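sequence unknown, structure follows:
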């Protein structure tokens with residue numbers, strides 16, 4: 001099982017949803033990098049569970065414990081390893097999932113792949129809980145990028161089919177429910193509340209914008225920035241689609257409409273529009289890098305669903321127990337930022353090696 005990402009900075013996530021701890025090892029962080037722990041904790045809090053009515057009732061502080069790679073608040077060049085202790089687990093809620101897999105989850109495929117030896121509690125290594133250590137790595141990298149004038153900001157653009165069409169200027173209405181428009185946010189919250197009342201769930205779309213990137217990052221074909229970002233974003237549970245710039249909408253445009261025409265602005269080459277999302281031929285062009293990720297509805301719902309008993313080989317009705325988010329989208333926003341930051345920084349380090 002591979003849970004490592006990156007070429008120049010390697011991020012390895014480990015643990016299971018209900019194991020004593022989950023964690024991350026980061027290789028390649030430059031020595032002498034100062035980490036603002038208060039800022040990092042605030043970032044992790046955006047993802048942590050149990051913060052509002054739209055989140056799972058599971059409560060975890062998500063306070064990282066650094067085991068190596070940092071002295072005081074400064075990296076020392078060796079691999080950085082941090083863990084988060086799991087303190088609010090209820091593994092008994094998942095006892096029957098070894099024989100009755102949840103529809104929409106990895107229970108069945110994991111059973112087949114790992115021959116029945118995987119940890120079922122809380123989804124094991126397939127759980128969204130593993131995005132917490134990813135956010136430790138991403139939170140540190142975000143601080144590094146900000147010092148270089150690179151900013152990564154994500155927001156909710158839709159939930160349950162309700163879109164936020166407000167202009168996005170980088171400012172978010174609420175860190176716990178990050179949208180550009182307040183009116184759309186209220187409608188989205190009503191949609192989530194209605195799904196929760198029905199014992200169901202809803203998904204949505206997250207948009208991420210990266211500004212301050214230099215032109216020239218990435219490579220053609222398999223090393224392109226789209227490839228690098230998609231690879232790590234698809235590692236986030238529940239992500240079912242990624243598009244850049246106009247994405248699938250560009251298929252309905254003419255070439256003259258989709259092309260971003262060039263201009264000179266303050267002595268620099270810019271584009272009049274940004275349909276390409278800041279990437280051409282896999283390489284950044286200096287414009288904001290824009291991508292969106294589709295998040296599926298949380299598959300663990302209270303409604304009865306049809307499944308099978310793997311031991312008896314019979315069809316079985318399943319009613320899932322446990323604590324689950326009626327909509328994972330709000331908590332996934334900082335995870336998208338963390339993943340994007342890691343992908344970008346990996347490319348930056350590679351670019352520095354070239355020179």
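That came through, no problem. Quick caveat: nothing in here was measured; it's all calculated off a predicted structure. Residues are numbered from 1 along each chain as shown.

only C-alpha atoms from now on, for both contacts and neighbour counts.
OK.

what about the residue of the chain positioned farthest from its centre, which helix or strand?
Within the chain, residue 312 marks the point farthest from the mean C-alpha position, 37.3 Å out by Cα atoms, centre = their mean. Of the helices and strands defined by DSSP states H and E, none includes residue 312.

ok, it to residue 100 distance?
Separation of residue 312 from residue 100 (Cα to Cα, to the nearest Å): 10 Å.

am I right that residue 227 is in a strand?
No. The assignment for residue 227 by DSSP: H, G, I helix; E, B strand; the rest coil gives helix, which leaves it out of any strand.

what about it, distance to residue 2?
Look at residue 227 and residue 2: by Cα to Cα, they are 18 Å apart.

mind checking which of the two has more residues around it?
Just comparing residue 227 and residue 2: by other Cα atoms under 10 Å the higher neighbour count belongs to residue 227, 17 against 7.

contacts only, for that one.
Applying Cα atoms under 8 Å, 6 or more residues apart in numbering, we find residue 227 in contact with residue 282.

swap the cut-off to 10 Å and go again
For residue 227, the contact set (Cα atoms under 10 Å, 6 or more residues apart in numbering) comprises 218-221, 233, 282, 343.

least confident of these?
The member of the contacts of residue 227 with the lowest pLDDT is residue 221, at 91.

could you measure from it over to residue 280?
Distance from residue 221 to residue 280, counting by Cα to Cα: 11 Å.

and the two? which has more neighbours close in?
Here residue 221 and residue 280 are set side by side on neighbour count (other Cα under 10 Å), and the busier one is residue 280, at 16 against 12.

who's that one bridged to?
Applying DSSP bridges to residue 280 gives these bridge partners: residue 283.

tell me the predicted confidence for it.
Residue 280 carries a pLDDT score of 97 in this model.

same question for residue 100.
Residue 100 carries a pLDDT value of 89.

ok but it is inside a helix, no?
No. Under three-state DSSP, residue 100 sits outside any helix and is assigned coil.

that one reaches residue 106, doesn't it?
No. No contact is recorded between residue 100 and residue 106 when judged using Cα atoms under 10 Å, the distance being 11.8 Å.

which of these two has more neighbours?
For residue 100 against residue 106, the residue with the higher neighbour count under other Cα under 10 Å is residue 100, and the figures read 24 against 19.

need the contact list for the more buried one.
Under the criterion of Cα under 10 Å, 6+ apart, the neighbours of residue 100 are 94, 107-108, 306-318.

could you give the mean pLDDT of whatever helix or strand residue 206 lives in?
Take DSSP H and E as the rule and residue 206 turns out to sit in strand 204-211. Taken as a whole, strand 204-211 has a mean pLDDT of 97.

in its sheet, what does that strand sit against?
Sheet neighbours of strand 204-211, with direction, are listed as strand 151-159 (antiparallel), strand 289-295 (antiparallel) (DSSP bridges).

in this structure residue 129 contacts residue 16, no?
Yes. With contact defined as Cα under 10 Å, residue 129 reaches residue 16; the gap is 7.7 Å.

name the SS class of the residue lying closest to residue 245 once chain neighbours are set aside, please.
The spatially closest residue to residue 245, leaving aside those adjacent along the chain, is residue 277, at 3.5 Å (Cα to Cα, 6 or more residues apart in numbering). Classification of residue 277 into helix, strand or coil gives coil, according to three-state DSSP.

and residue 277, what pLDDT?
With respect to pLDDT, residue 277 has a value of 97.

in the helix or strand where residue 145 lies, which residues are buried?
Using DSSP H and E, residue 145 sits within helix 131-147. Applying a neighbour-count criterion of 16 or more other Cα atoms under 10 Å, one finds 131-145 buried in helix 131-147.

same check on stretch 115-129?
Along stretch 115-129, the positions that meet the burial threshold by neighbour count (16+ other Cα under 10 Å) are 118-129.

all strands for the stretch 101-250 of the chain, in order.
Secondary structure of the stretch 101-250 of the chain, counting by DSSP state E, counting those that start in this stretch: strands at 151-159, 162-163, 204-211, 239-244.

how far is the shortest one from where the chain is centred?
Spelled out, that is strand 162-163. When C-alpha coordinates are averaged (Cα atoms, centre = their mean, to the nearest Å), strand 162-163 and its chain have centres 20 Å apart.
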